[in-house]
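[1] mind looking at a prediction? Sequence and model below.
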Amino acid sequence: MSGSHQTESSGSKPASTSEERTRQIIQKIGQVTGAQIDYKITDDKGSPSASVDKEGKVQLSKEYLEGATDDDIAFTVAHEVAHHGNQHYKKSEVVIDEMAEKLKVAIKTAPGFIGKTVVAVAWSVTGLLKTRGLSREQELEADGDALDIMERAGYDSRKAEENLSTELGHGSRGIIRELLSTHPTGRERVENLRKKRGTRGV
Ligand SMILES: [Zn+2]
C-alpha cells in the first residue's frame, strides 16, 4: 500500500457546483413566476430526473443535474413549476376519482357475472385511455409554459428544443409501451414547442 492516492478532505464540504447552480436557476425562475419554489435534490438511484408533488415541491435528481446545462435545468424546473401552476395534479385526481366512481356504478348495474366483467374491463380501458390523454395534454401544456418562463428568466429556450431532440436518440419505445405511455414522445414534444414558437414568430 503506497498511500499515494490518498487525498485529505476538509471537514465541511462546500455545496457542489451543480447544487449552487441549481439554487441560482431556481431563484431566477421563482422571480419571474412570482412564487417561492420549494425544492429538494435527491441522490436516490432510480428517481426521475425531475418531478413535482401535490404541494408544488420540485424534486431533482443529483445525477441529472450534474449532466445538465443551465438551460436544461431552467427548462426542467420551469416545466415542473408549470405543472403545479396549472394544477395538473389536482385535475388528474378529479378525473381518476370520476372514472372510479363511474366504474363502481357500471359494475353495480351490469347484469350477471359476465356482464359485470365485460363492463369492468371496458371501463378500465376507457379510464386508461382517458388518463393517458389527459397526461399527454398536461405534458405538452407544461412544455409550452416552460418555454415562456425560461425565456423570461433569461435562458435560451431553443436549448430546450435541442434537449428534447437529443432525447429522441435514446432508443425507440416499443409499440405497446408507446400505447400505454402517459407521456408524449420526444417527437411530439419537439413539434409542440416548434408550433408554439412558430405562433409567436420567434
Ligand atoms: Zn411533466
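    Arrived safely, thanks for sending.
[2] lowest average confidence, helix or strand, in this structure?
    helix 175-180 (a mean of 54; mean pLDDT, DSSP states H and E).
[3] what's the first helix or strand after it?
    Remark: after helix 175-180, the chain's next helix or strand is helix 186-200, criterion DSSP states H and E.
[4] helices or strands up against that following helix?
    helix 112-152, helix 158-167 (3 or more Cβ pairs under 8 Å, 6 or more residues apart in numbering; DSSP states H and E). For every residue, glycine as well, the C-beta is placed using N, CA and C.
[5] adding mean neighbour count, write these out as a markdown table.
    As requested, those are exported to a markdown table (neighbours: other Cβ atoms under 10 Å):
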| stretch | mean neighbour count |
| --- | --- |
| helix 112-152 | 16 |
| helix 158-167 | 17 |
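[6] please name whichever of these is nearest to the ion.
    helix 112-152 (4.8 Å; Cβ to the ion).
[7] now for the closest one, which elements pack on it?
    helix 17-33, helix 70-85, helix 88-109, helix 158-167, helix 186-200.
[8] how far out from the middle of the chain is the longest one?
    On the basis of Cα atoms, centre = their mean, to the nearest Å, the separation between the geometric centre of helix 88-109 and that of its chain is 23 Å.
[9] compute the inter-axis angle for that helix and helix 112-152.
    170 degrees (axes from the mean of the first three to the mean of the last three Cα atoms, to 10 degrees).
[10] so which elements touch helix 88-109?
    helix 112-152.
[11] what mean pLDDT would you report for the helix it packs on?
    Helix 112-152 carries an average pLDDT of 91.
[12] going forward, count from 11.
    Okay, using 11 as the starting number, the last item reads as helix 122-162.
[13] for this protein, what lies in contact range of the ion?
    E149, A152 (Cβ under 5 Å from the ion).
[14] just to revisit the earlier point, which one, of the helices and strands packed on helix 122-162, ends up nearest to V128?
    Of all the helices and strands packed on helix 122-162, helix 98-119 sits nearest to V128, with 9.9 Å by Cβ to Cβ.
[15] neighbouring contacts of that closest one?
    Identification of contacts with helix 98-119 by Cβ atoms under 8 Å, 6 or more residues apart in numbering yields 62-64, 93, 126, 129-130, 133-134, 136-137, 140-141, 144-145, 148, 151-152.
[16] can you check stretch 120-138 too?
    I106, M109, A110, K112, L113, A116, I117, L190.
[17] among those residues, which ones are buried?
    Among those, those classed as buried by 16 or more other Cβ atoms under 10 Å are M109, L113, A116.
[18] which one of those residues is nearest the ion?
    The nearest one, if we look at these relative to the ion and count by Cβ to the ion, is M109, at 20.8 Å.
[19] got phi/psi on A60?
    Main-chain torsions, A60, degrees, to the nearest 10: phi -150, psi 150.
[20] Y74 is in contact with that one, correct?
    Yes. If you go by Cβ atoms under 8 Å, A60 and Y74 touch, sitting 6.8 Å apart.
[21] which neighbours do the two have in common?
    T86.
[22] low-confidence ranges in the protein?
    The chain contains residues with pLDDT under 70 at 11-25, 173, 175-193, 210-212.
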